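> would you be able to build a 3D model of this:
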Amino acid sequence: MGTEFDTSQTFALSLTVNGARWSGEVPVEETLLDLVRNRLGLTGTKRSCESQLCGACTVLVEQRTISSCNYLAFEAHGKSVLTIEGVATGEQLDPLQEAFIRNVGAQCGYCTPGQIMAAKALLLENPSPTRREIAHWLKGNICRCGAYAAIATSILEASREWQKRRG
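As a prediction, this is how the structure comes out:
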């Protein structure tokens, strides 16, 4: 005998995504990944393992990394969400994005949004990380192309650029 769930339950969700307020009814079982990709059309956040193992779906909720594939949308109620589309300021790329381009930190590019979002959270918490700290922080973000050296170099460069801009 299988357990049956009522899939008609909804939640009145209100949150901020990339600085813009959004409100609407969502099914209680809808993930944040489905919300940002399907409802908001923000397809930079990728679907991959759906098991919180690869990091392709990483977004920031209240400046903390979240695997959006397993985070229910209603958990973000009243919170601020940042996706890869919100990292740049208008046409001005974030130092992380510039460094990833300069250092070829993105090869196939599939993991890149998740890598950048995890790196953004790292730099918000620790503006001057070491290579060892970067490696530890990004252990949940898999790059199948093996661009780890370029990714770490990009994060270190972005860190130095942020330091210059701040002080």
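> show residues contacting stretch 74-90.
In this structure, residues lying in contact with stretch 74-90 by CB atoms under 8 Å, 6 or more residues apart in numbering are 11, 13-19, 26, 28, 30, 32, 36, 42, 44-45, 59-63, 93-94, 96-97, 113, 116-117, 120. For glycine as for every other residue, the C-beta is placed from the backbone atoms N, C-alpha and C.
> name only those of these that count as buried.
11, 13, 15, 17-18, 26, 30, 32, 36, 42, 44-45, 59-61, 94, 96-97, 113, 116-117, 120 (16 or more other CB atoms under 10 Å).
> could you tell me which of the residues you listed are located in strands?
In strands, judged by DSSP state E, the following of the buried ones among the contacts of stretch 74-90 are found: 11, 13, 15, 17, 26, 59-61.
> how about the strands in this structure?
10-17, 20-27, 58-61, 64-67, 80-82.
> would you format these as CSV with distance to Y148 and mean pLDDT included?
Listed next are those as CSV, based on distance: least, CB to CB, whole Å; pLDDT from 0 to 100:
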stretch, distance to Y148, mean pLDDT
strand 10-17, 29, 97
strand 20-27, 33, 98
strand 58-61, 16, 98
strand 64-67, 17, 97
strand 80-82, 23, 98
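> out of these, the one nearest G109 is which?
strand 58-61 (14.5 Å; CB to CB).
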